[in-house]
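1. sequence first, then the predicted structure:
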Amino acid sequence: MSVIVVLMGVAGSGKTTIGKMLADAIPCPFLEGDSLHSQANVEKMSHGIPLTDADRAPWLSAIHARIVDVYNRGHSLVVGCSALKQSYRTVLADGLPLTWVYLKGSPELIRSRILHRASHFMKVDMLASQFGALEEPSDALVVDVSESPGAIVEWIMSELRRPLGVRDAATPARPKGDQ
């Protein structure tokens, strides 16, 4: 059975780390959404300039096209994409059965992570604009990113094995054993 999981959240929430581990666990490819940004978008963010919705539109379309291709082939995929607004998630999901996982963390934790990572175009000064734009999803599995990546992936995998109507998409979850 194929599954398409989109890990969403602000920069520094762990989309790449969790995404690669989750893709290995499923197993399937991992699509780093940031890899599909235009050079102009990367330049803006590298200079601390937040993107506009117009800047993001071609990027979201490119991610959607990749998801459609994988879905049409009947394969699984894990995608890392900030998808901060509901309108962005609507574009990404257009006609597709996606499983959303919201990697939720406090501004303090996320800021600390961004300050300690090297060679990424996203600057810590832009974090406030990301939290400001964030529209928390009501239809996602929600996980507390203060947990270890391994525990988070284990919890996501256990949720993916559960029937859709039984999944807990309403409250932030702490992976079992870490509560």
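-> On my side now, so go ahead.

2. parallel or antiparallel, which strands does the helix or strand hosting Val101 pair with?
-> Using DSSP states H and E, Val101 falls within strand 99-104. Partners of strand 99-104 in the sheet, by DSSP bridges, are strand 4-8 (parallel), strand 141-144 (parallel).

3. and the shortest one, C-alpha only, in CSV?
-> It refers to strand 141-144. The C-alpha coordinates for strand 141-144 follow below in CSV (Å, rounded to 0.1, in the frame of the first residue of the first chain):
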residue,chain,number,x,y,z
LEU,A,141,-0.9,14.2,13.0
VAL,A,142,0.8,16.6,15.5
VAL,A,143,4.1,15.6,17.1
ASP,A,144,6.2,17.4,19.7
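
4. tilt between the helix or strand following it and strand 4-8?
-> Per DSSP H and E, the first helix or strand lying C-terminal to strand 141-144 is helix 149-161. Interaxial angle, helix 149-161 versus strand 4-8 (axes from the mean of the first three to the mean of the last three Cα atoms, to 10 degrees): 140 degrees.

5. can you list contacts of the top helix by length along the chain?
-> Across the chain, the longest stretch assigned as helix under DSSP state H is helix 53-72. Residues outside helix 53-72 that contact it (Cβ atoms under 8 Å, 6 or more residues apart in numbering): 2, 4, 6, 29, 31, 33, 36-38, 40-41, 44, 76-77, 79, 81, 87-88, 91-92, 94-96, 98. To be clear about C-beta, it is placed using only N, CA and C from the backbone, and glycine gets the same treatment.

6. narrow those residues to those in helices?
-> Those of the contacts of helix 53-72 lying in helices (DSSP H): 40-41, 44, 87-88, 91-92.

7. that's all I had, so thanks and see you.
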